[in-house]
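Engineer: after the sequence you'll find the predicted model.
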Amino acid sequence: DGGITQSPKYLFRKEGQNVTLSCEQNLNHDAMYWYRQDPGQGLRLIYYSQIVNDFQKGDIAEGYSVSREKKESFPLTVTSAQKNPTAFYLCASSDSGYSYEQYFGPGTRLTVT
Amino acid sequence: DAKTTQPPSMDCAEGRAANLPCNHSTISGNEYVYWYRQIHSQGPQYIIHGLKNNETNEMASLIITEDRKSSTLILPHATLRDTAVYYCIVRVSGTASKLTFGTGTRLQVTL
């Protein structure tokens, strides 16, 4: 089955700790994205990557970091510098074809206390 | 990317057509209209997209006005499983760039 996997589904951390969220895709897509969603709100872009070893900041990159060492993987680290890390995090990917529709993973709900 | 305006919520009876409107009066000539939906606590799901012609696929139909300033997503026979938040997004196709999600329309399908 082709798709995007995110793990874990729920994650709990203490304030001040860095935490890394996993995102893996087997769709052979070039581009991958990280979004954040707060309750009742739309999605906001954190980082995106169009190709391996390259990534760009989105609208709310402060307090986050990413890497893209492999085509299929795009992990997101939520650092202690992120002031309000509790949120629903969504990973997506898209191919290099004509329409560029994005395919989303199931999400990781991060709670920091 | 152009801004979109959607009603915050709509209701639809099961089995009836759900017509979800979207205004995008500042859309540019090279911007497409995309629709996604998000069922509670899941990742968004792509539904359909179009430039200026009406489009249909197995999930829905997309009707774009001739001046392209508004569009309507039609779910022909809504079911309870179509209850979700529906997002209308306009963006330039052919680029790996962000999707700008607003707050969308919350569609409630009822018996």
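Structural biologist: Received, thanks.

Engineer: residues of chain A that sit close to chain B?
Structural biologist: Within chain A, the positions near chain B by Cβ under 8 Å from any Cβ of the partner chain are A:4, A:30-31, A:33, A:35, A:40-45, A:48, A:50, A:58-59, A:88, A:90, A:92, A:94, A:96, A:98-107, A:109. Every C-beta, even on glycine, is put in place using the N, C-alpha and C of the backbone.

Engineer: excluding chain neighbours, what is closest to the residue nearest the centre of chain B?
Structural biologist: Residue closest to the mean C-alpha point of chain B, counted by Cα atoms, centre = their mean, is B:W35 at 3.5 Å. Leaving aside its chain neighbours, B:W35 sits nearest to B:I47 (4.3 Å; criterion: Cβ to Cβ, 6 or more residues apart in numbering or on different chains).

Engineer: quick one: that neighbour and B:L20, what's the gap?
Structural biologist: Counting by Cβ to Cβ, to the nearest Å, the separation of B:I47 from B:L20 is 10 Å.

Engineer: strand partners (parallel or antiparallel) of whichever strand or helix holds B:L107?
Structural biologist: Using DSSP states H and E, B:L107 falls within strand B:105-110. Strands that pair with strand B:105-110, judged by DSSP bridges, come out as strand B:9-13 (parallel), strand B:84-92 (antiparallel).

Engineer: helix, strand or coil: sort out B:R81 for me.
Structural biologist: helix (DSSP: H, G, I helix; E, B strand; the rest coil).

Engineer: pLDDT value on it, please?
Structural biologist: You'll see B:R81 listed with a pLDDT of 95.

Engineer: now the residue positioned nearest the centre of chain A: how far from A:R68?
Structural biologist: Closest to where the C-alpha atoms of chain A average out (Cα atoms, centre = their mean) is A:W34, at 3.0 Å. Shown here: A:W34 relative to A:R68, a distance of 11 Å by Cβ to Cβ.

Engineer: neighbours of the closest residue to B:H77 other than its chain neighbours, how many?
Structural biologist: Nearest residue to B:H77, sequence neighbours excluded (Cβ to Cβ, 6+ apart): B:G15, at 5.8 Å. Neighbours of B:G15 under the rule other Cβ atoms under 10 Å in any protein chain shown: 11.

Engineer: before we move on, back to that, shared neighbours, A:W34 and A:R68?
Structural biologist: Taking Cβ atoms under 8 Å, 6 or more residues apart in numbering or on different chains as the contact rule, A:W34 and A:R68 both touch A:F74.

Engineer: ok so, going back, pLDDT score assigned to the residue nearest to the centre of chain A?
Structural biologist: Note on A:W34: pLDDT of 95.

Engineer: would you mind writing the CA trace of the strand holding B:L107 as PDB?
Structural biologist: Extracted in PDB, the C-alpha atoms of strand B:105-110 (Å, rounded to 0.1, in the frame of the first residue of the first chain):
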ATOM      1  CA  THR B 105     -16.800  25.100   5.600                       C
ATOM      2  CA  ARG B 106     -17.900  22.500   8.100                       C
ATOM      3  CA  LEU B 107     -20.500  20.300   6.400                       C
ATOM      4  CA  GLN B 108     -22.800  18.300   8.600                       C
ATOM      5  CA  VAL B 109     -24.700  15.600   6.800                       C
ATOM      6  CA  THR B 110     -27.800  14.400   8.800                       C
END
